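*Asks:* With the input below, show me the fold.
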Amino acid sequence: MADPQAALVTQLRNIQARTGKTIPALHELLTASGLQKTGERRSLLMEQLGLGYGDANTVALLMGKPLPPLDGSAPPPPAAVVGDVLDALYSGKKAGLRPLHDAVMALVAPMGVFEQAPKKTYISLRRKKQFAMLGPATQTAVELGLNVKDLPPAARLKAVPAGGMCQYTVRFSALDEVDAELAGWLRAAFDAAG
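*Replies:* Numbering: from 1, shown residues only. Predicted structure coming up:
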């Protein structure tokens, strides 16, 4: 299973390398700006430092929260927020679907840095923009929404009408459906997001 906290540490280290500033220094910059809303702080980081949406959003969301060690001195603490949401999403009659979610995350993890944004009924996966949505669709199936254009037609890939968060969805109920074809669709969405 992919470790979201390790992905966060990698993302923060990359932000520091790109900007030449530590995360605490970026937080000081935001505090000095006087901006209070996350969106305003995110915009400032994007405009002044050229950060992408996902990186700027992560820095803004971490304001006033404890940071994981970024110098490799200690292992990062567990990712309680995402884990808590996953525990809630995959509880009761949907508990058996959690291995499907974990299998998809194992496909995404090696692709690069991304953010997991927990929502009420799914997890949003983001780079500069959302590239996928993942969560239980029914008691027996998980649904993966893909934000990518022009995927080749496939029997299990459903095109979604324009105007939605994703252009395609795919539902699956078994681990053998988390296969190379699904990995290819995920890769295309990941690459298209920045």
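*Asks:* Quick check: which ranges of the protein have low pLDDT?
*Replies:* 1-4, 71-83 (pLDDT under 70).
*Asks:* what's the domain layout of it?
*Replies:* Here the domain assignment for the chain is 4-61, 80-192, based on automatic domain parsing.
*Asks:* partners of the longest strand along the chain, with directions?
*Replies:* Determined from DSSP state E, the single longest strand within the chain is strand 130-136. Sheet pairing here is set by DSSP bridges, and for strand 130-136 it gives strand 123-126 (antiparallel), strand 142-146 (antiparallel).
*Asks:* before we move on, the earlier item: can you put the domains of the chain in JSON lines and add mean neighbour count and distance to Pro69?
*Replies:* For every residue, glycine as well, the C-beta is placed using N, CA and C. Below are the domains of the chain laid out as JSON lines (neighbours: other Cβ atoms under 10 Å; distance: least, Cβ to Cβ, whole Å):
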{"stretch": "domain 4-61", "mean neighbour count": "17", "distance to Pro69": "8"}
{"stretch": "domain 80-192", "mean neighbour count": "16", "distance to Pro69": "16"}
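*Asks:* looking at those, which is closest to Leu70?
*Replies:* Leu70 sits nearest to domain 4-61 of all the domains of the chain, at 5.6 Å, using Cβ to Cβ.
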